[in-house]
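# Whatever this is, show me its structure:
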Amino acid sequence: MSHSISRYFPEMLEELAEYYDLAYLLNDVYTEKLTELKKLNRKLNEQLAEI
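Numbers count the residues shown, from 1 in each chain. Here you go, the predicted model:
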């Protein structure tokens, strides 16, 4: 069920998770964002090492 909610209502996912107290709905979103942050951090560290 959570996958169908996130597929059909991605823009409302945070509101639905908060309203229905279903924080696990955001796990995939948070995992994706964390991966993006790790990549960005790695790039920044590489650039700083060159300086």
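
# Please save the CA atoms from stretch 6-23 in PDB.
The C-alpha coordinates for stretch 6-23 follow below in PDB (Å, rounded to 0.1, in the frame of the first residue of the first chain):
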ATOM      1  CA  SER A   6       4.100   7.200  -2.900                       C
ATOM      2  CA  ARG A   7       3.700   6.400  -6.600                       C
ATOM      3  CA  TYR A   8       0.300   8.200  -7.000                       C
ATOM      4  CA  PHE A   9       0.800  11.000  -4.500                       C
ATOM      5  CA  PRO A  10       4.500  11.800  -4.200                       C
ATOM      6  CA  GLU A  11       3.900  15.500  -3.600                       C
ATOM      7  CA  MET A  12       1.600  14.700  -0.700                       C
ATOM      8  CA  LEU A  13       3.800  12.000   0.900                       C
ATOM      9  CA  GLU A  14       5.100  14.100   3.800                       C
ATOM     10  CA  GLU A  15       1.600  15.400   4.700                       C
ATOM     11  CA  LEU A  16       0.100  11.900   4.600                       C
ATOM     12  CA  ALA A  17       2.900  10.400   6.700                       C
ATOM     13  CA  GLU A  18       2.500  13.100   9.300                       C
ATOM     14  CA  TYR A  19      -1.400  13.100   9.300                       C
ATOM     15  CA  TYR A  20      -1.600   9.300   9.600                       C
ATOM     16  CA  ASP A  21       1.500   9.000  11.800                       C
ATOM     17  CA  LEU A  22       3.200   6.700   9.200                       C
ATOM     18  CA  ALA A  23       6.800   7.800   9.200                       C
END
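
# Flag every buried residue along it.
S6, L13, A17 (16 or more other CB atoms under 10 Å). In this view, the C-beta of every residue, glycine as well, is placed from N, C-alpha and C.

# Quick check: which element contains the second one?
If I follow you right, that is L13. helix 13-19 (DSSP states H and E).

# The first one now?
Element membership of S6 [criterion: DSSP H and E] is helix 2-8.

# what distance separates that helix from the middle of the whole chain?
With CA atoms, centre = their mean, to the nearest Å as the basis, helix 2-8 stands 15 Å off its chain's centre.
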